[in-house]
Structures are given as structure tokens and as C-alpha cells.
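>>> I would like to see how this sequence folds:
(one chain, ligands or ions: 1)
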Amino acid sequence: MELIKNLQWRYAVKKYKDELVSEDKIDQIIEAVNLSASSCGIQPYRLIVVTNPEIRQKLAEGSFNSQIQASSHLLVFAAFNNITSEYIADYVAMMEKQRNLEIGMLNDYRDTLISHFSAQTPEQNAIWSSKQAYIGLGTALIAAAELQVDATPMEGFDPQLFNDILGLTGKNLHASVIISLGYRDTANDYLASMPKVRLPIDQFSTMLK
Ligand SMILES: Cc1cc2nc3c(=O)[nH]c(=O)nc-3n(C[C@H](O)[C@H](O)[C@H](O)COP(=O)(O)O)c2cc1C
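Next comes the predicted model:
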């Protein structure tokens, strides 16, 4: 399938050209992330697209990843700090509406989710939310590769700095993981010509019959 070729083509770019990705492609990557699966289907994270150069310069402070600043777009996967009963109720009401169900039809599902998430600590809910955000990260990498847009997933950033600059804490969010998007600078990126390093499939995967 074409996807395998695209995944072989992609790599975590270290140096980008000074070229912008079109808004149409950015929109398609965002849509792909929005279509990602999430546990319980409640999408407990948000995607923030940062283009403003001054903000990005501040976000890059103290990080070894120059791509935070020197790329076309920066996507911040911001996971929930907690899963509130109000959020669940609103989301389940939206499910009923989008599926043309009678109001109240999903009350049992709603109540099961509310009792599950309210029995967990906010820290447990934040970790769970961050795991869901990483599923979105995977989708974004795949979508970018299909569009022949380069991308770098990054954990090498200061989450507290991101939370402060982007005002995330007040929105029940925290920066979980980020991706820069753009086009590789083949002449100046030492990784551009390097072969991909992966385990042989028979070491990576086991088939139990
Ligand atoms: C969650 C995650 C965090 C990563 N953090 C960084 C990072 O901070 N800086 C960086 O240059 N690459 C980062 N990478 C890229 C990995 O080093 C890279 O994906 C890995 O070496 C495999 O190579 P490939 O993606 O080029 O095939 C990260 C990758 C993932 C999935």
C-alpha cells in the first residue's frame, strides 16, 4: 500500500526549509487528528496550531529543538487536566444529537462514564488524557506523510512554559506532546540522507497461531 512508502519517506526532521505548508494541508492534518480514535470516544485533548513567530520564539526557549521555532507550523497536543462530569454530559448530549437519538437515550452510558472518571484522581485522568493525545499524534504523523509534509514529533520542550505562554492551565489543559510541520532542508539536515533504523519485522512482531 501507498502508506508504507509514505511512512518510509517520513522521518523526524531536524532542519526545515523556509517554506510554508498550505492552510489546506494543515486543515486536512487537523481533520485527520479529529477523526482519531479515543478511549470512550470523548476526545480528551485539544489541538493548538501556533504560527506566530514571537510566541514560537518564546516557546522554544531552553529547548534543544530548534524546530519549535524554525518550521512552518507548530501543533500542540494539549491534554485535559481532569475529566469533569460536565464535560462528559455535554459530550454525550452531542453524541445523541449527531446520531439523531432521543434526548436521554445515552443516560446510562453518560452515568457510567461520570462514575468512572470521578472515581479517578485528576492526575490519573490527566495521564489517561495524554495517552489519547498521543493517538492523535500518530494520526498527525501519518496524515502529514500522506500529504508529503514533513513533521517532527517532540517531547523535548518545557511543558510548564507552554502551559504558561498558551494559557493552558486555566482551560483545564496541559501541553502533552508537540509536532512541527514544514519541508525538510535536505542540504542541511544530517538525517535527510540517512537510512531509517527499524527492527526486522520478525523481531518486532510475533504471530501466535
Ligand atoms: C513521542 C516522541 C517524542 C519525540 N521527541 C523528539 C524530540 O524532542 N526531538 C527530536 O528531534 N525528535 C523527537 N522524536 C523523534 C524520534 O527520535 C524519531 O521518531 C525516532 O528516532 C524514529 O525515527 P524516524 O521518526 O525519523 O523514523 C520524538 C518521537 C516521538 C514519537
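>>> So the closest residue to the ligand within the chain, which state does it fall into?
Proximity to the ligand, evaluated over the chain using Cβ to the nearest ligand atom, is greatest for Gly156 at 2.8 Å. For every residue, glycine as well, the C-beta is placed using N, CA and C. Classification of Gly156 using DSSP: H, G, I helix; E, B strand; the rest coil returns coil.
>>> Surely Ala140 is in contact with Leu75?
Yes. The pair Ala140 / Leu75 is scored as a contact, 6.3 Å apart, by Cβ atoms under 8 Å.
>>> taking the mean pLDDT, what do you get for the longest helix along the chain?
Assignment by DSSP state H gives helix 122-146 as the longest helix of the chain. Helix 122-146 shows a mean pLDDT of 98.
>>> Please list the outside residues in contact with that helix.
Contact partners of helix 122-146, identified using Cβ atoms under 8 Å, 6 or more residues apart in numbering, comprise 2-3, 6-7, 9-10, 28-29, 32-33, 35-39, 43-45, 47, 75, 77-83, 117, 120, 150-151, 153, 174, 176-177, 179, 181.
>>> Mind listing the residues bridging to Ala175?
Ala78 (DSSP bridges).
>>> For it, the count of nearby residues, please.
Residues contacting Ala175 under the criterion other Cβ atoms under 10 Å number 24.
>>> That one contacts Met154, doesn't it?
No. Assessed by Cβ under 8 Å, Ala175 is found out of contact with Met154, at 10.6 Å.
>>> returning to that earlier point: buried residues, the longest helix of the chain. List them.
Of the residues in helix 122-146, 125-126, 128-130, 132-137, 139-146 count as buried by neighbour count, 16 or more other Cβ atoms under 10 Å.
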